[in-house]
Every structure is written in structure tokens, then in C-alpha cells.
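Engineer: All I have is the shape, not the residue letters:
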């Protein structure tokens, strides 16, 4: 699967993934109003679900659909953050499912940002649900069926192995949290161990080892999440994990710039994909993209994605020099 | 909320939580067959969902309902593991929701074993969805609405704070993973830091600090997950976190015994609640409980729960001596 991602990044010349994290505050009022109308007109559809949650989920789905229509030809991948759907309960998760299926129709690679992880037997269920297949009624059924899932490493090997097994069985991938993009990520991740190695490097070493059983060309299907907001750590991890593809969140709204990202790529300009969520999907609320207005939110997203792609091409060119 | 849990443990004299982790392999064949019939007879209900997933979810729900009916008067709490529902997609999550609501009707305290955790803004969505309320259409709506959620600490303070805020706003609680019960939990959690402190103790210290803003009597609404399979670490953590209530998984099927758990309790015999999942809900498949047979699976669960309660009362009596 990682080969497929690398191929699509090259083909579109865009190491960019668009984070589909549709906070309701980003969704233009006209979409929210239209979604309320849709739910009102279709009252009997799911009487057990609160109509306000149904309307929120419908608005999020329509918002995503317009953005995907506007960017699918210029970016290789999307990363829906499941928390933004889960918050609206069953209707929200239905919108997640619909979004995933729509992105697949559009030829996009889908990174399910689920950050699951548990003891072995439980991780196996998460792995099958998100990137594999579930056996029921003597059939193998894909459930949420994304291409990559993000995974939390806190449980160690036995929480990770079931994901790696599913990667191998179904040609899928994972990105394991190594150094996260948030301000307090250093509290545990940067702690120095007895020989002076920071915890995130120990996790990085393990990610490299776990990935050895899942190579797919130069890179492994077992990748790493490394926050673009931590360029020094990114540079060290790039060297420590030469065959580990990096998913780098934190560009844009969280403060990282293209210059911060240069060392995340390999000498061929591959090896990493950079995520932006709010910076793209809520572009119409910010800076010069405001001119698009709420009605032009999807076009604003396209303009912001094009600017980000251009910016990152510069970072990769620097890396190659 | 932690006071309420402590009160219910005392009232039922049972520091036991039943893990509702219904792997399909535990569900008796007659329930699975009946669930298939129910789905077949109700074909039009959710055409977008695979009927095999619908049948699995229906079987799980009927299984849970029978077990809850059989144990609700003797245990204070249940802990549904959301992965076991999420694996069946939307119908599975509907079964989770139904289970939670049913347990609430029966007066049980519900620990949603969701192990969520992310950067701050995303953790806020998880916290609102699972233990708080979501604002939609100018209303505050409870979504999955459990009493406690389990949370992963890897992101540090800013991934935890949104959960603590919701605990305080809605009188709910969380249990943060400190030392997990699985065999490889030591890979990162036991790593010694520069002054010789293991990582799990650093996490424990933080859990204590995070909990100071959420005290509810002697204990905080911010609790800790400490695996019953690690009695030495449990003893150290009990001392390090004197006001942190412990959720201890790993009893029974994972190998921990009542003797291992004695040091998890405080000198009054409070301070911890012990989980068993398979050992109770799949009791009819094991040892002497086999005599109940598949038709008596719920009665077998009750017998196993009573045995566990008796066993733990012994551990607490030892502690008090």
C-alpha cells in the first residue's frame, strides 16, 4: 500500500494529505440550514437518533463532498479524523463511512485518523474494522475500510502486531504515533531514558523493527506520525528510520512551515506526506482566501491546497540540493 | 462521579466491573441464529448496512442484555469495550449505544473502554462525545453518554485536559492508562528514565497532578488503569497516587489472581475496582461453569461473578489486616 501512496504523490507531484476534520464551526451556515431541511423532510429515517445530530452529520457530509470534489484531482490522499464524526454519534459515523466511500470513488487514498490501540486481542478487532475485514456469517466483510490507520504505541508490540498482520494480509498500512505535533507532546515522548535516548527515539526504533516484516519497496507499510512542528526531532527520526514513511501533521494552522519539513523527506524528495486540515478545509475563513466567501468555501480549499503544494515543492527542492 | 462508584461498590460489597467485550466466538449459536432471523424479518431497516454485520450486532446486543439481566443486582459497574462493537461498523456501534442505555436503566455505572486520546482540540471532541455533551442546533446533546471513559496519555497534558474539563462540567470520570495489563506493556511503560524512575511512574505522577483539579471526596474523578497482571507496579502506584482510583483489568483470563490485587486497595479496602471480561461473560465455556451449557450462559456469568466477588473480598480482607 505504501508504494501506491508514493506513486500517487509522484503522479500528482503533491506530498499533501487534506485532513477532513469538519468541525461544525467551519461549515458554512447555508449548508447547516440545508441539512436541517433535509433531516426535517426525511423524519422517519432513523427515529432513534437525535435530529440535531442527524443534521450536523448531514452538514458535515455535504461539506466534505464539496471539498473532495474540489481537490481530488490535485492531492493524492485525505485523512478524515474520526473524532469529528464520532462526536455526532451514529449519524456522525455514518457520515464518516459515506465520506470514506466517496473518497474511494474519487480515487483518493484514505488515511483513517483513528489513533486506536489496545491490548492484542482488542487491537485485532480495531485493525480488522478499520483496515481489514471482519468475519461474520462465514463471510469476510470490509467495515470502515480505509487504506491506512493511525495507531497509538503505548501498549508495545502486542498492541501493534495485529495491525501489522492485517497490513500484510490485506495490503494496507498504518502510521504509528512517534512524536506528535501538539505542544505537550514532549512530556512523555521527549523524556530521556538512562542512556540519554529520548523516548520518541525508542518508539521510532520499534516502529522501524515492526515495519521490517511489512516492506513494500524502499518503504514499509508501517509508517510513523511525526509532527511537522518538531523539525529537529523529525530530522533525527528520518535518519533513525530510513525505511519508515512519515505522516507529518501540524503544517499551517498548528504553525509548521515548509522550511520545517525539508528534513522529513529523503534525498529523492520522497519519504513523507504532510497533512493540513483547518488550513485547507476552513481556508475561506482566513486571510486572502476570505474573498471566496462562505459560498466559495470549496474553491477556497482548492486555492489553499494549491498554495500548500507549491510551498512544499520548494521544501523538497531544498532537500535535493 | 467517583464517589458514586465508590458508594455503589460498598452497597453491593463488590469491587468488580464486568467487561462487556462480546467477541462473537463467546455468543452461543442459538443467539446468533435468532439474530439472523430477526434481521431477515426486518430487511428494510438499514439497507446501507451489511446484513451479516446487522446480525452480529443484534446477537451481541441480545447476549449483553441477558448477561446484564443476570448480574445487574450483584455488581456496581460494567465496562463495554467499544472495539468489540466498532468491529461491526454502524450496526455494532448501535449495539454499543443500546447496551449503554440498557445498563443505565438497570442502575449500573458504565465505564466506556474507548482508550481515546489525541491532540487537544480532537480530544475535546472525544470527551464531549463519550462523557459530555455536544452542541448542535443550539442544544447540548449527550451522545454515547457513559459515566467514565478510558484515555491514552501519550499526548501529554493537552490531550488530557479536555477530558478533565468535561469531567468537571458534567460530573463524569476518566481512567488514564498508566500501566497496562498486556505482556508487552513494559516495552515503553517500564523504561527507566535518567533518574531511574520508570516511565509508568512519571505517567502516574502526572495522573495524580491532573486529578487534583477534579477531586470528589478522597479520590479524584481522574483515575488510572493499572493492570492486575503487574502487582509490584500496582503496589508502587497505589503509594505514588494516594488519591487516584484504580481500574485494574487482567483478572482471570489474563492470569491475575486476587492475591495479586491486594495492594491495589487502600487501607479501608477501597481505591480500586477489578475488571473481568471473558472470565465472566464467557464463563459457560470454561471449567465447572460448562455445566450451565450454552442455554445457561447468563446464569454461568452470574455464578462466575459471584465467585470473583467472593475471591476479591478475601483480597481486601487481607489488605485490611
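Structural biologist: Perfect, I can see it now. Source: prediction; values computed, not measured.
Engineer: wouldn't residue A:157 be in contact with residue B:186 here?
Structural biologist: No - using C-beta atoms under 8 Å, residue A:157 is not in contact with residue B:186; the gap is 10.3 Å. Glycine gets a C-beta too; all of them are placed from N, C-alpha and C.
Engineer: Buried residues in the longest helix seen in chain A, which are they?
Structural biologist: Counting by DSSP state H, the longest helix found in chain A is helix A:297-320. Buried residues in helix A:297-320, defined by neighbour count with 16 or more other C-beta atoms under 10 Å in any protein chain shown: A:297-309, A:311-313, A:315-316, A:319.
Engineer: The residue nearest to residue A:201 when sequence neighbours are not counted: neighbour count?
Structural biologist: Spatially, and ignoring its direct neighbours in sequence, residue A:201 is nearest to residue A:240 (6.1 Å; C-beta to C-beta, 6 or more residues apart in numbering or on different chains). Residue A:240 has 17 neighbours, counted by other C-beta atoms under 10 Å in any protein chain shown.
Engineer: tell me the SS of the nearest residue in space to residue A:50 that is not next to it in sequence?
Structural biologist: Excluding its sequence neighbours, the residue lying closest to residue A:50 (C-beta to C-beta, 6+ apart) is residue B:141, at 5.4 Å. Secondary structure, DSSP: H, G, I helix; E, B strand; the rest coil: residue B:141 is strand.
Engineer: Kindly report the same for residue A:124.
Structural biologist: Applying three-state DSSP: residue A:124 is helix.
Engineer: on that earlier part again, please tell me I have it right and the residue nearest to residue A:201 contacts residue A:202.
Structural biologist: No - the criterion here is C-beta under 8 Å, and residue A:240 misses it with residue A:202 at 10.0 Å.
Engineer: where's the residue nearest to residue A:201 relative to chain B, distance?
Structural biologist: Distance, residue A:240 to chain B, by C-beta to the nearest C-beta, to the nearest Å: 16 Å.
Engineer: if I pick that residue, what's in contact with it?
Structural biologist: By C-beta atoms under 8 Å, 6 or more residues apart in numbering or on different chains, residue A:240 lies in contact with A:201, A:204, A:205, A:208.
Engineer: how close does it sit to residue A:46?
Structural biologist: 48 Å (C-beta to C-beta, to the nearest Å).
Engineer: now do residue A:162
Structural biologist: Counting by C-beta to C-beta - residue A:162 and residue A:46 are separated by 32 Å.
Engineer: more crowded one of these two?
Structural biologist: Between residue A:162 and residue A:46, counted using other C-beta under 10 Å, the more crowded position is residue A:162 (22 against 18).
Engineer: Now do the contacts for residue A:82.
Structural biologist: A:93, A:96, A:112, A:113, A:114.
Engineer: Run a quick neighbour tally on residue A:197.
Structural biologist: With other C-beta under 10 Å as criterion, residue A:197 counts 15.
Engineer: Spell out the residue ranges of the helices in the stretch 1-150 of chain A.
Structural biologist: Applying DSSP state H, counting those that start in this stretch to the stretch 1-150 of chain A gives helices spanning A:2-12, A:29-41, A:51-71, A:83-86, A:89-105, A:120-130.
Engineer: Once you drop chain neighbours, what's closest to residue A:20?
Structural biologist: residue A:80 (4.2 Å).
Engineer: and that neighbour, what pLDDT?
Structural biologist: With respect to pLDDT, residue A:80 has a value of 98.
Engineer: these two touch, right, it and residue A:114?
Structural biologist: No - contact criterion C-beta under 8 Å: residue A:80 and residue A:114 do not qualify, at 9.1 Å.
Engineer: which ones are touching the most centrally placed residue in chain A?
Structural biologist: Nearest to the geometric centre of chain A sits residue A:79, at 3.1 Å (C-alpha atoms, centre = their mean). Contacts for residue A:79 were tallied using C-beta under 8 Å, 6+ apart; they are A:17, A:18, A:19, A:20, A:110, A:111, A:112, A:113, A:247, A:275, A:277.
Engineer: next one: residue A:211
Structural biologist: With C-beta under 8 Å, 6+ apart, residue A:211 has these contacts: A:164, A:220, A:221, A:222, A:223, A:241, A:243, A:244.
Engineer: do the same with residue A:147
Structural biologist: A:1, A:4, A:5, A:109, A:110, A:111, A:131, A:172, A:173.
Engineer: would you list those in CSV and tack on distance to residue A:233, neighbour count and pLDDT?
Structural biologist: Formatted as CSV, the contacts of residue A:147 follow (distance: C-beta to C-beta, whole Å; neighbours: other C-beta atoms under 10 Å in any protein chain shown; pLDDT from 0 to 100):
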residue, distance to residue A:233, neighbour count, pLDDT
A:1, 26, 19, 97
A:4, 28, 14, 98
A:5, 23, 26, 98
A:109, 26, 24, 98
A:110, 27, 24, 98
A:111, 21, 28, 98
A:131, 27, 30, 98
A:172, 27, 23, 98
A:173, 22, 31, 98
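Engineer: Which member of those residues is positioned nearest chain B?
Structural biologist: Checking the contacts of residue A:147 against chain B by C-beta to the nearest C-beta gives residue A:131 as the nearest, at 11.9 Å.
Engineer: Now the closest one: closest residue in space, sequence neighbours ignored.
Structural biologist: For residue A:131, the spatially nearest residue (C-beta to C-beta, 6+ apart) is residue A:172, at 3.9 Å.
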